[in-house]
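Chemist: I would like to see how this sequence folds:
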Amino acid sequence: MGAEEYLPAGADDLDTLAEASAGCHGCDLYKRATQTVFGVGDPHARVMLVGEQPGDREDREGLPFVGPAGRLLDEALEEAGLDRGSLYVTNAVKHFKWEQRGKVRLHKQPSVREVSACLPWLTAEINLVDPALVVCLGATAARALLGPSFRVTRQRGEVLDGPFGVPTTATVHPSAILRIRDDADRQAERRRFVDDLRSAAAQVAARPT
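Modeler: From the prediction side, this is the model:
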């Protein structure tokens, strides 16, 4: 079970992929999700950002990183000198996995099998965009692209070979910053996150176009 059978043969543009992904039943997450949330942005972006999965707002609106974590990401990108409009932004998993808690739909971490089932969409996106650098936001995305032994806590900021030999690095997910309760600790981690994005921008600027 997986997304392979839903990928259109010979697709050479992101719009075709996105349209096909709307009908993906490669794992059971589609059954409770409002819709598939595919990647968006510059189809020739030099930097691709990869998060974990859509959140509640993303599931309802059909766009990645439009909720609270998305707002933090936008602020951090601006501080790092990166224009979100020039990036391609997506998630490792395209459907929202959640559990009900009162009236709230709470994020639930996707399983290894669910991440693996969705991986063909992500690798197809990387293949078509062909970025100079992929930045994984959080452990789920990092392990999907860099292997199960990758640890953001130990290897944050390292640049390794990802799919198709595309240089790939990882930092924390913005939602992890939002969950830090101590204000001083949260602000320190936010500054470190901006530094990670600034470093990514510098690495790409140093690479030939």
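Chemist: From Val37, how far out is Ala57?
Modeler: Careful, residue 57 is Arg; it's not Ala. Distance, Arg57 to Val37, by Cβ to Cβ, to the nearest Å: 10 Å. Where you see a C-beta, it was placed from the backbone N, CA and C, and this is true even at glycine.
Chemist: In terms of packing, which of the two has more residues around it?
Modeler: Per other Cβ atoms under 10 Å, whichever of Arg57 and Val37 has more neighbours is Val37, with 27 against 16.
Chemist: what pLDDT does the more buried one get?
Modeler: Val37 is assigned 98 on the pLDDT scale.
Chemist: Please apply the same query to Met1.
Modeler: In this model, Met1 is scored at 73, pLDDT.
Chemist: Repeat that for Pro208.
Modeler: For Pro208, the pLDDT comes out at 79.
Chemist: Who are the contact partners of it?
Modeler: Counting by Cβ atoms under 8 Å, 6 or more residues apart in numbering, Pro208 makes contact with nothing.
Chemist: Quick check: mean pLDDT of the helix or strand encompassing Leu145?
Modeler: Assigned by DSSP states H and E, Leu145 falls within helix 139-146. Mean pLDDT, helix 139-146: 97.
Chemist: now swap in stretch 58-67 and tell me
Modeler: On average, the pLDDT along stretch 58-67 is 96.
Chemist: Look at that stretch and report the distance between its end residues.
Modeler: The straight-line separation of the ends of stretch 58-67 (Cα to Cα, to the nearest Å) is 7 Å.
Chemist: circling back to that earlier point, by contact count, what packs against the helix holding Leu145?
Modeler: Here helix 139-146 touches strand 47-51, helix 112-129, strand 133-137, strand 167-171, going by 3 or more Cβ pairs under 8 Å, 6 or more residues apart in numbering; DSSP states H and E.
Chemist: Just the C-alphas of it, formatted as CSV.
Modeler: Taking Å, rounded to 0.1, in the frame of the first residue of the first chain, the C-alpha atoms of helix 139-146 are listed here in CSV:
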residue,chain,number,x,y,z
ALA,A,139,12.4,15.0,12.6
THR,A,140,9.6,13.4,10.5
ALA,A,141,10.7,15.1,7.3
ALA,A,142,14.4,14.6,8.1
ARG,A,143,14.0,10.9,8.6
ALA,A,144,11.8,10.5,5.5
LEU,A,145,14.6,12.0,3.3
LEU,A,146,17.8,11.2,5.3
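Chemist: quick one: it to strand 167-171, angle?
Modeler: 160 degrees (axes from the mean of the first three to the mean of the last three Cα atoms, to 10 degrees).
Chemist: to the chain's geometric centre, what's the distance from helix 139-146?
Modeler: Mean-position distance between helix 139-146 and its chain equals 9 Å (Cα atoms, centre = their mean, to the nearest Å).
Chemist: Put the alpha carbons of the worst-scoring helix or strand of the chain on mean pLDDT into PDB.
Modeler: Ranked by mean pLDDT, DSSP states H and E, the helix or strand of the chain with the weakest confidence is strand 104-107, at a mean of 92. Output of strand 104-107 as PDB, limited to C-alpha atoms (Å, rounded to 0.1, in the frame of the first residue of the first chain):
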ATOM      1  CA  VAL A 104     -10.500  20.600  18.900                       C
ATOM      2  CA  ARG A 105      -8.800  18.400  16.300                       C
ATOM      3  CA  LEU A 106      -5.300  17.800  17.600                       C
ATOM      4  CA  HIS A 107      -2.300  16.800  15.500                       C
END
